[in-house]
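[1] coordinates for the following, if possible.
(one chain, ligands or ions: 1)
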Amino acid sequence: MIYPRTPVNSRLHPILREIVWHKKQEVVHMHQQMSLASLQRQLTAAPTVRDLLTALQQSPYRPSLITEVQKASPIYGIIRTDFDPLAIAKAYQHSGAACISVVTDSSFYHGSFENLRTIRKSLSLPLLCKEFIIDPCQIYLARAAGADAVLLIAAILTDRELQDLLRIIHYLGMNALVEVHNLTELDRVLKLDDIRLVGINNQSLEDFTIDISTTQRLMAARRSQLQNLGVVVVSESGLYTHADLALVADAGIHAVLVGESLIKEEDIEQAVRRLIKP
Ligand SMILES: O=C(O)c1ccccc1NCC(=O)[C@H](O)[C@H](O)COP(=O)(O)O
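    Next up is the predicted model:
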């Protein structure tokens, strides 16, 4: 049975609505190809889950760093032509990243679950599967490929869907990075049971503009509530320099997620060190 869901918010950018529409077709196809039971069976052979939340909390750097393996995006096009996902992930691990985010969407971001599997085989850091999750079968697929955490995007899921998917993720021993873009979404997410890790994405899903003051605004409004609940907060997108990291750290976040600015660099290890050390 396909997971029930409501229509996608019409204020979202047409590209995002197209991505979600496409994702629904992928999920339908996946359900035709394999049963949930067979996917669940694959989990028995999956590598043990690594604790992404603890890795973020125990990193020697503040904010701790999630780096992203991403070849392309619908906005930037191809970010790096000589894209070697494993070499990039190794450079991240050697230079101080606490965790690695691997984009798996193939149609719009040129990612793959194969990249996730390959990176998992060679690296010890916890891995986040960066995907447009709308159905439990994608979570099982991510876990089978070695993911330790998955992204849930509040803008494309109802409260009920968020809660159900979160329960499945926690049941599997994984973490969920629950991503919000505005205060309305943050308030929805703060009402979920057992919310542990929240991402504030500085890139609007309505027009794709980036504004890192989004993190500052949302933290100013809900910092004490987030603290009281013990939620770990990640600031995502549009972070380029150590000064940018210091700005969002001052707002009270624990970690940052950085992609494009590092992927583009000739010497990725050096770029990571520049970013995390003053
Ligand atoms: O967050 C999403 O909506 C998303 C889901 C799946 C693949 C990519 C996605 N968005 C891209 C990003 O959010 C950024 O790549 C990430 O936050 C890093 O930002 P940047 O450093 O600006 O590349």
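
[2] give me the contacts around stretch 185-200.
    Here stretch 185-200 makes contact (C-beta atoms under 8 Å, 6 or more residues apart in numbering) with 52-53, 56, 149, 151, 154-155, 159, 162-163, 166-167, 170, 175-181, 214-215, 218-219, 221-222, 225-226, 229-236, 253, 257. All C-beta atoms are positioned from the backbone trio N, CA, C, and that covers glycine.

[3] put the buried members of those into a ChimeraX selection.
    Command for ChimeraX, covering only those of those found buried under the criterion 16 or more other C-beta atoms under 10 Å:
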select :52,53,56,149,151,154,155,162,166,175,176,177,178,179,180,181,214,215,218,219,222,226,231,232,233,234,235,236,253,257
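
[4] in helices, which of the contacts of stretch 185-200 fall?
    Among the contacts of stretch 185-200, the members falling in helices (DSSP state H) are 52-53, 56, 159, 162-163, 166-167, 170, 214-215, 218-219, 221-222, 225-226, 229.

[5] if we can go back for a sec, which among the contacts of stretch 185-200 are in contact with the ligand?
    Under the cut-off given by C-beta under 6 Å from any ligand atom, the ligand has 151, 179, 236, 257 from the contacts of stretch 185-200 close to it.

[6] narrow those residues to those in strands?
    151, 179, 236, 257 (DSSP state E).

[7] any chance of a markdown table for those, columns pLDDT?
    Below are these laid out as a markdown table (pLDDT from 0 to 100):
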| residue | pLDDT |
| --- | --- |
| 151 | 98 |
| 179 | 98 |
| 236 | 98 |
| 257 | 98 |
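
[8] which among the residues you listed gets closest to the ligand?
    residue 236 (3.7 Å; C-beta to the nearest ligand atom).

[9] thought the closest one was touching residue 257?
    Yes. Look at residue 236 against residue 257 with C-beta atoms under 8 Å: they come within range, at 4.1 Å.

[10] in the helix or strand bottoming out on mean pLDDT in the chain, what counts as buried?
    Across the helices and strands of the chain, mean pLDDT, DSSP states H and E gives its lowest value to helix 36-42, namely a mean of 86. For helix 36-42, burial by neighbour count (16+ other C-beta under 10 Å) applies to residue 39.

[11] and if you look at stretch 262-278?
    In terms of neighbour count (16+ other C-beta under 10 Å), stretch 262-278 has its buried residues at 262, 263, 265, 268, 269, 271, 272, 275, 276.

[12] that one close to the ligand?
    No. Stretch 262-278 does not reach the ligand (C-beta under 6 Å from any ligand atom); its nearest approach is 7.4 Å.

[13] now that stretch: average pLDDT?
    Looking at stretch 262-278 alone, the average pLDDT works out to 94.

[14] same thing with stretch 218-228?
    pLDDT averaged over stretch 218-228 gives 98.

[15] residues in contact with that stretch?
    So stretch 218-228 is contacted by 180, 182, 183, 186, 187, 190, 198, 200, 233, 251, 252, 253 (C-beta under 8 Å, 6+ apart).

[16] filter those residues down to the buried ones.
    180, 182, 186, 190, 198, 200, 233, 251, 252, 253.

[17] out of the residues you listed, which one sits closest to residue 145?
    residue 198 (24.1 Å; C-beta to C-beta).

[18] where do the strands sit along the stretch 101-250 of the chain?
    127-130, 149-153, 175-180, 197-201, 232-236 (DSSP state E, counting those that start in this stretch).

[19] what packs against the second one?
    Spelled out, it's strand 149-153. strand 127-130, helix 136-144, helix 159-171, strand 175-180 (3 or more C-beta pairs under 8 Å, 6 or more residues apart in numbering; DSSP states H and E).
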